[in-house]
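A.B. asks: What follows is a protein structure lacking sequence information:
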């Protein structure tokens, strides 16, 4: 008589193990992102503000100096670190920045708009 195989094949067992490991990694990443969400937001805004600052300084409108931009951005960063700013304000500014950066270039009216939004938040 031929022997009957019991259980799963080797390929199925390996696939289940790999799927389990991937599931554990995804769950762990979710937990880490949830626990460190404030630091991740701060890091993301830090990187974004550095890029936006350079773009804004390249297309300064009349009446706004590089120092004005630096001061507003530094105050904004400090407010984030001190947790004196609401998440909704950060999200609103981030969306505004994304909208104006869709064409990968800021013109003077967009610089003024972002600067005014920053000033409203920090003042």
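C.D. replies: Received, thanks. Please read all numbers here as calculations on a predicted model, not as lab measurements.
A.B. asks: my read: residue 105 touches residue 55, true?
C.D. replies: Yes - counting by C-beta atoms under 8 Å, residue 105 touches residue 55, with 7.4 Å between them. Where C-beta positions appear, they are placed from N, C-alpha and C, glycine not excepted.
A.B. asks: So if I had to pick from the two, which one is more boxed in?
C.D. replies: Set side by side, residue 105 and residue 55 show more neighbours around residue 55, with 17 against 11, by other C-beta atoms under 10 Å.
A.B. asks: I'd like the next helix or strand past the helix or strand hosting that one.
C.D. replies: Following DSSP states H and E, one finds residue 55 within helix 37-58. Downstream of helix 37-58, the next assigned helix or strand under DSSP H and E is helix 66-81.
A.B. asks: Tell me where the model's unsure across this structure.
C.D. replies: Along the chain, segments meeting pLDDT under 70 span 1-5.
A.B. asks: Run the angle between the biggest helix by length in the chain and helix 37-58 for me.
C.D. replies: For the chain, the helix with the greatest residue count under DSSP state H is helix 10-35. Relative orientation of helix 10-35 versus helix 37-58 (axes from the mean of the first three to the mean of the last three C-alpha atoms, to 10 degrees): 70 degrees.
A.B. asks: circling back: in the helix holding residue 55, which residues are buried?
C.D. replies: Buried residues in helix 37-58, counted by 16 or more other C-beta atoms under 10 Å: 42, 45, 49, 52-53, 55-56.
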